[in-house]
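1. build me a model from this:
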Amino acid sequence: MKIKPLADRVIIKPTAAEERTKGGIIVPDTAKEKPVVGEVVAVGTGKVSDDGKKVAMEVKVGDKVLYGKYSGTEVTYEGDEYLIMREADIFAIV
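-> From the prediction side, this is the model:
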């Protein structure tokens, strides 16, 4: 990826929203929920703490993560949609 996030930010590629329910009903675009799972495609170098030391990132490229439904900033780069958010907005690594 050509985009390099700064500090404690990560770039996430959200997984596609489900097209059908488990029962086989097709869900229209207007009723789909925003995804909360995605794959980390780029990470920053880490946050600098108050005492001047760099805190390493806990997530790495390739991790599948859970994040808040309305977290991050949506961006489109080279035709693909991504989310840029702080590492603190990530709830868990799946």
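
2. in this protein, which spans are strands?
-> With strands called from DSSP state E, the chain shows them at 9-14, 37-43, 47-48, 54-55, 64-67, 73-77, 80-86, 90-93.

3. quick one: strands adjacent to the fourth one?
-> The partner list of strand 54-55 in its sheet, established with DSSP bridges, is strand 47-48 (antiparallel).

4. the nearest residue to Ser71 once chain neighbours are set aside: neighbour count?
-> Spatially, and ignoring its direct neighbours in sequence, Ser71 is nearest to Asp89 (4.1 Å; Cβ to Cβ, 6 or more residues apart in numbering). Yep, even glycine has a C-beta here, placed from its N, CA and C like the rest. Neighbour count of Asp89, defined by other Cβ atoms under 10 Å: 17.

5. out of the strands of the chain, which is the most enclosed?
-> Among the strands of the chain, strand 9-14 has the highest mean neighbour count (mean count of other Cβ atoms under 10 Å), at a mean of 22.

6. touching that strand from outside, list them.
-> 1, 3, 5, 34-35, 37-44, 57, 59, 65, 67, 72, 80-87, 90 (Cβ atoms under 8 Å, 6 or more residues apart in numbering).

7. pretty sure Ile93 sits against Val65.
-> Yes: between Ile93 and Val65 a contact is recorded at 5.6 Å, counting by Cβ atoms under 8 Å.

8. which residues do these two both contact?
-> Common neighbours of Ile93 and Val65 (Cβ under 8 Å, 6+ apart) are Val59.

9. picking that back up, possible to save the strands of the chain as JSON lines with mean pLDDT and distance to Gly24?
-> As requested, those are exported to JSON lines (pLDDT from 0 to 100; distance: least, Cβ to Cβ, whole Å):
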{"stretch": "strand 9-14", "mean pLDDT": "96", "distance to Gly24": "24"}
{"stretch": "strand 37-43", "mean pLDDT": "96", "distance to Gly24": "22"}
{"stretch": "strand 47-48", "mean pLDDT": "90", "distance to Gly24": "45"}
{"stretch": "strand 54-55", "mean pLDDT": "90", "distance to Gly24": "47"}
{"stretch": "strand 64-67", "mean pLDDT": "95", "distance to Gly24": "26"}
{"stretch": "strand 73-77", "mean pLDDT": "94", "distance to Gly24": "30"}
{"stretch": "strand 80-86", "mean pLDDT": "95", "distance to Gly24": "27"}
{"stretch": "strand 90-93", "mean pLDDT": "95", "distance to Gly24": "30"}
